[in-house]
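> one predicted model, sequence on top.
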Amino acid sequence: MKIRSSIRYKLSVFLLISIIVPIAASIFLSFFYTKRSLKEDAIRENSNIVHQGATSLISQLNQMNNLSLSVYTNVHESSSLYNILSRGRSDFMVERNLYSGLHAIEQSAKEVQQVYLYSDLADQSYLLINGFLKRDVGQTGLEDHYVQPLNKDDPYFEPPHISHNYGMEEFPYSPVNTVLTIHRPVYRAPLKERIGVLSIDFKLDRLRNLSDMLYDKGNEHLYLLDDTGTTVYSSETEWIGQKPPHSWLQHARYNLFQSGYFDWKDDGFHGIVIYEKFELIGRVWTIAKQIPNDYLYSNASRVLRINMILLVSFLVVAIAATLFVSVKLTAPIKRLTESIKKIKLGKLKLDIHSDRSDEVGVLGHTIKNMVDTIDNLIMRELRLELANKNNQLKALQAQINPHFIYNTLQSIGSVALHHQVPKIYELTSSLGAMMRYNMNTEESVVPLYKEISHVEAYLELQKQRFKERLSFRIITEGADLAFRMPKMILQPLVENCFKHGFENNSGPLEITLVCRSDDEALRIVIEDNGLGVPPERMRQLVETIGQGETDSDSDGSIGLINVISRLRLYNGKESQLLVRNLEPAGFSVTLIIPVRKEGVSA
């Protein structure tokens, strides 16, 4: 019986499903609901954080812009930076006033690293750093760093870069830092004539402090981009001052909405991106925050792991309980099934001992009583059938006094050898072998090779009768010669060729016997070139074989039905005897004898 068709299997599966499915469903529903809640909370919370960060960054950038506007402070005073630039003078007093103005700007914010001023009218550059002022001719320090804005009222924000000395040679106290520079063109009012450029280098400390409060280091990433896509600040410092190729950043920059979020799954990143864009000093700035799913759902995953541990614990308990219940309930049924299986092996004595009073116990006692009744009936019929078959076999063997004939044949053989007639000796030896084979009444089951030897001796005798007209072939290649079968099976079938097939036949006589074996059965085919069987007789013969009726010929020989009955009695009911006519003439008998199964009685 297959495992999947057993009651124990079905009961175990049903109990496990009824326990596991509800628990697993509740765990996974809880997990997905938790993920959804975490995502909604994270979007809401981080949107507020990004908005507050944008507000703080706007304030910071405005402070930097306002500081650059200090060049227009005190425009009515002759010592102001504006008036110095508008006059274009360059002398000791001018430099003293320039120093005071630039120093005031430098001291206005601690993020200021250095202040640079270029006078268009005087064609002079001034650089103040750490209280030291340096002067040089021309504006080489602005080349490749300053871009004239289209709107003259706007400053130019140079993306973060490594600080430099604006072309000043041998300048002391010049630290190297990454700075963000605001370049403010100074115009003569109201003509809009440029009279100079003020450049202020800001260290990124303030931006860093503001940005670091907007993301979780090591888990999230933050980017501040200007309108060119250049990174003003990033949690990934290697991209500061660069244009990162991240497609999710480009998606945030070119999104039609001013702020929002979107899911992203590309570039090795799976998660959500929260962004906000703001406009300042004629430019659109973008702040984008990247939150990986692994970090976003870490709590949900932790809860899922805890639930999975609980599920596994419950599963172990459930399996133990299920197996205990199923085994307890199905063990009696399994024992009963094993006992019933023995019936197929021929054991009709069942050992069913059960003190159960439930349905299983009643079923066991009922089956035991039924099998006992069947055993009594079968044994009585089997013994009767065996007695009949043995009587038929002994009647065949008793037709001739075997001892007298065997002794006589020995005498004839001795005389033939004495008179040097070997042919007579061979014939008497063949006949003696047949008689000795028949005399052994104690051996009712023999190996295949003995049956074949018996048939061969019989055919040698017949060849003496029919001379050269008779030819025969016995093919045993591929056959199991030790295969055990009832005695006197083949010779009666070969004898039928002479009795029925070769009557009134004056032509050549041919008989072929072929044996083949495999793991399942022995196949024996006996064919002759005789007259065959008339169609009506063939139909009756096939019907008689199918019904299993006893069929004895008039002269007392064992017929086809007797042969198949004995085979089925010893080798099992699967034994077959097939008959057919051959073309253009002849008759064929095929025996299919299955390998005898253990437990089948002879």
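Looks like it arrived, so ask away. Residues are numbered from 1 along each chain as shown.
> in the stretch 1-150 of the chain, which spans are helices?
7-68, 81-87, 92-108 (DSSP state H, counting those that start in this stretch).
> show me what the shortest one is packed up against.
So the one you mean is helix 81-87. Packed against helix 81-87, as judged by 3 or more CB pairs under 8 Å, 6 or more residues apart in numbering; DSSP states H and E, are the following elements: helix 92-108, strand 112-119, strand 178-188, strand 193-203. Yep, even glycine has a C-beta here, placed from its N, CA and C like the rest.
> for that helix, list the C-alpha coordinates in CSV.
Extracted as CSV, the C-alpha positions of helix 81-87 are listed here (Å, rounded to 0.1, in the frame of the first residue of the first chain):
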residue,chain,number,x,y,z
LEU,A,81,34.0,98.2,-0.2
TYR,A,82,31.5,99.4,-2.7
ASN,A,83,32.9,102.9,-2.9
ILE,A,84,36.5,101.5,-3.1
LEU,A,85,35.5,99.3,-6.1
SER,A,86,33.6,102.1,-7.8
ARG,A,87,36.5,104.5,-7.6
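> quick check, pLDDT for residue 407.
In this model, residue 407 is scored at 58, pLDDT.
> also the one 10 residues further on?
Residue 417 carries a pLDDT value of 63.
> equivalent analysis for residue 402, please.
Among the per-residue scores, residue 402 shows a pLDDT of 57.
> and what of residue 114?
For residue 114, the predicted pLDDT is 93.
> ok, it - contacts?
Counting by CB atoms under 8 Å, 6 or more residues apart in numbering, residue 114 touches 106, 127, 128, 129, 130, 163, 174, 200, 201.
> residue 46 now?
Contacts of residue 46 (CB under 8 Å, 6+ apart): 261, 274, 289, 291.
> try it again at 6 Å.
residue 274 (CB atoms under 6 Å, 6 or more residues apart in numbering).
> helices of the chain, start to end?
Ranges of helices within the chain are 7-68, 81-87, 92-108, 205-212, 247-253, 293-296, 298-344, 359-397, 402-418, 422-439, 448-466, 490-496, 535-547, 560-571, based on DSSP state H.
> do you know which of those helices lies nearest residue 233?
helix 205-212 (4.7 Å; CB to CB).
> just the buried residues of the contacts of residue 114.
Buried members of these, counted by 16 or more other CB atoms under 10 Å: 106, 127, 128, 129, 163, 174, 200, 201.
> out of those residues, which one has the lowest pLDDT?
Lowest pLDDT among those: residue 174, 72.
> just give me the neighbour total for the closest residue to that residue other than its chain neighbours.
Nearest-residue entry for residue 174: residue 165, 5.4 Å, with adjacent residues in sequence omitted and distances by CB to CB, 6 or more residues apart in numbering. Neighbour count for residue 165, taken as other CB atoms under 10 Å: 16.
> so residue 165 makes contact with residue 176?
No. Applying CB atoms under 6 Å, one finds residue 165 not in contact with residue 176, separated by 10.1 Å.
> picking up where we left off before, what about the residue nearest to residue 174, distance to residue 130?
12 Å (CB to CB, to the nearest Å).
> before we move on, back to that, let's have the helices of the chain in a markdown table, adding distance to residue 235.
Shown next, in a markdown table, are the helices of the chain (distance: least, CB to CB, whole Å):
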| stretch | distance to residue 235 |
| --- | --- |
| helix 7-68 | 12 |
| helix 81-87 | 38 |
| helix 92-108 | 28 |
| helix 205-212 | 7 |
| helix 247-253 | 13 |
| helix 293-296 | 13 |
| helix 298-344 | 18 |
| helix 359-397 | 72 |
| helix 402-418 | 112 |
| helix 422-439 | 103 |
| helix 448-466 | 90 |
| helix 490-496 | 96 |
| helix 535-547 | 91 |
| helix 560-571 | 86 |
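> just give me the lowest mean pLDDT stretch among those helices.
Looking at the helices of the chain, the bottom one is helix 402-418 with a mean of 60.
> picking up where we left off before, tell me how far the residue nearest to residue 174 lies from residue 235.
For residue 165 relative to residue 235 (CB to CB), the value is 30 Å.
> please apply the same query to residue 487.
To residue 235, residue 487 is 98 Å away according to CB to CB.
> the nearest residue to residue 466 once chain neighbours are set aside - how many residues pack around it?
Spatially, and ignoring its direct neighbours in sequence, residue 466 is nearest to residue 509 (5.9 Å; CB to CB, 6+ apart). Residue 509 is flanked by 21 other residues according to other CB under 10 Å.
> verify the stated contact: residue 509 with residue 503.
No. Residue 509 is beyond contact range of residue 503, at 11.1 Å (criterion: CB under 6 Å).
> list the residues that contact the nearest residue to residue 505 once chain neighbours are set aside.
Nearest in space to residue 505, with sequence neighbours left out and distances taken as CB to CB, 6+ apart, is residue 530 at 6.2 Å. Contact partners of residue 530, counting by CB under 6 Å, 6+ apart, are 501, 502, 587.
> thinking again about what came up before, per-residue pLDDT, the residue nearest to residue 466?
On pLDDT, residue 509 comes in at 90.
> could you give the bridge partners of it?
residue 470 (DSSP bridges).
> who's in contact with it?
Applying CB under 6 Å, 6+ apart to residue 509 gives the contacts 466, 469, 470, 502.
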